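Trainee: generate coordinates for the sequence data below:
(chains A, B and C)
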Amino acid sequence: MNDKLPISAYKGADVVEIAINLLGKQLWTNFDNSLTGGLIVEVEAYCGATDQACHAYPDKLTPRTKTMYQAGGVAYVYLVYGMHHLFNIVTNVEGRADAVLIRAIEPTHGEETMKLRRQQIDSNKLLTGGPARLSQAMGISVADNNTDLQSDNIWLTEGKQFSKEEIIRSTRIGVEYAGEDALLPWRFHIKGNKYVSK
DNA sequence: TTCCCGATTTACT
DNA sequence: GTAAATCGGGAAA
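Mentor: Residues are numbered from 1 along each chain as shown, chains lettered A, B, ... in the order given. Sure, this is the predicted structure:
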């Protein structure tokens, strides 16, 4: 259970299926000799070829989307609103711009480090519920864009097996600009988990 | 080069 | 509930 997820776990052609399979997996980072880890409890799928919500739509290679065209198994990290770093996992084969946005984790290791990174002295701030929050807690930034998930900085392992009944499917958050594709039910989260974003 | 706006979070009225 | 923060990507000029 401590072995890194193999490349094959990221190379499938169906990004939605991979997104579902990533629920319950354990995400780890090790920066500056500080290990942090948590279970993935909320994800969203994005598909560059067909999905208007995806940065790479309509299958458009740019300096930014280049990362998503890599073969599955690397990190796609980008900046939104000039301040928030969002962590995605690139999927599919080279040349297909698909990715899974990690929206929330349940912390399991290194919570003190996470609190320091989040400046969570007074506890009004959520620790890891929300895509920018978990990136900050795990120490992930745009500097980690294109990082291989077999590396010793960011990687995944098996984690906890959730039952089908615990997995809730819904529309994605913050993609109203995507027209009819905003209605795609490509968000998945663990029912009742307190770390799932609002 | 200008311009618009975003896969969000937080503080404040 | 609403608005501010803050800056780079991408399209248009």
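
Trainee: what about the helices in chain A?
Mentor: Ranges of helices within chain A are A:15-22, A:111-118, A:131-138, based on DSSP state H.

Trainee: pick the most deeply packed of these.
Mentor: For these, the largest average neighbour count (mean count of other Cβ atoms under 10 Å) is found in helix A:131-138, namely a mean of 24. Just so you know, the C-beta spots here come from the backbone N, C-alpha and C atoms, and that holds for glycine as well.

Trainee: just the angle for that one relative to helix A:111-118, thanks.
Mentor: Computed by axes from the mean of the first three to the mean of the last three Cα atoms, to 10 degrees, the angle separating helix A:131-138 from helix A:111-118 equals 120 degrees.

Trainee: please see if helix A:131-138 touches DNA strand B.
Mentor: Yes. Helix A:131-138 reaches DNA strand B (Cβ under 7 Å from any atom of the strand) through A:131-133.

Trainee: other SSEs contacting that helix?
Mentor: If you count contacts as 3 or more Cβ pairs under 8 Å, 6 or more residues apart in numbering; DSSP states H and E, helix A:131-138 packs onto strand A:34-47, strand A:84-91, strand A:98-109, helix A:111-118.

Trainee: in the second one, what counts as buried?
Mentor: By that I understand strand A:84-91. By neighbour count on 16 or more other Cβ atoms under 10 Å, the buried set for strand A:84-91 is A:85-91.

Trainee: please name the residues that touch residue A:53.
Mentor: Contacts for residue A:53 were tallied using Cβ atoms under 8 Å, 6 or more residues apart in numbering; they are A:46, A:172, A:175, A:177-178, A:181-182, A:184.

Trainee: just give me the closest of those to residue A:33.
Mentor: Nearest to residue A:33, judged by Cβ to Cβ, of the contacts of residue A:53 is residue A:46 at 32.9 Å.

Trainee: wait, what's in contact with the nearest residue to the closest one once chain neighbours are set aside?
Mentor: Distances taken as Cβ to Cβ, 6 or more residues apart in numbering place residue A:54 nearest to residue A:46, at 4.1 Å, with adjacent residues excluded. Shown in contact with residue A:54 (Cβ under 8 Å, 6+ apart): A:46-48, A:68, A:97, A:99.
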